[in-house]
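A.B. asks: Next comes the sequence, and after it the predicted model I'd like to discuss.
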Amino acid sequence: MEFSYRFYTNHDCKYLPCHKTDDVENFNCLFCYCPLYMLEEKCGGNFEIKDGVKDCTNCMIPHKPRGYDYINQKLGEYIAEMTIKRLENDL
């Protein structure tokens, strides 16, 4: 598979699939724990706040074949935003 470092399915995981899907073969386990969780409402995913806790049960972004690209784009935007804020504070 081209770009295999971006996608794999852990068929040995007892939780597969950890989200509701009809297409386990296209379920990406690379981001088992979503790195966008820390972005709170800016992650762009389909989440809910339940008792003050972010619940990502209905979000499939990290588990879709194009999730790798989406996550890296969002992390890049976050890093750029934080860098600008840091530079502004240093002035």
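C.D. replies: Ah, there it is.

A.B. asks: gap between N28 and K50?
C.D. replies: Shown here: N28 relative to K50, a distance of 25 Å by Cβ to Cβ, to the nearest Å. C-beta: built from backbone N, CA, C; applies to glycine.

A.B. asks: Between the two, which is the more surrounded one?
C.D. replies: N28 (20 against 9; other Cβ atoms under 10 Å).

A.B. asks: before we move on, which element is the more buried one in?
C.D. replies: Using DSSP states H and E, N28 sits within no helix or strand.

A.B. asks: In contact with it: list those residues for me.
C.D. replies: Going by Cβ atoms under 8 Å, 6 or more residues apart in numbering, N28 touches R6, F7, Y8, T9, P62, H63, K64, P65, G67, Y68.

A.B. asks: Inside helices: which ones of these?
C.D. replies: With helices defined by DSSP state H, the entries of the contacts of N28 inside them are G67, Y68.

A.B. asks: buried subset of the contacts of N28?
C.D. replies: When burial is judged by neighbour count using 16 or more other Cβ atoms under 10 Å, the buried members of the contacts of N28 are R6, F7, T9, P62, H63, K64, G67, Y68.

A.B. asks: my guess is the fourth one contacts C29, does it?
C.D. replies: By that I understand P62. No: using Cβ atoms under 8 Å, P62 is not in contact with C29, being 9.0 Å away.

A.B. asks: For D55, give me its contacts.
C.D. replies: Contacts here follow Cβ under 8 Å, 6+ apart; on that basis D55 touches F47, E48, I49.

A.B. asks: Select from those residues the one having the most neighbours.
C.D. replies: Each of those was scored by neighbours using other Cβ under 10 Å; the highest score is F47's, at 19 neighbours.

A.B. asks: All set, thanks.
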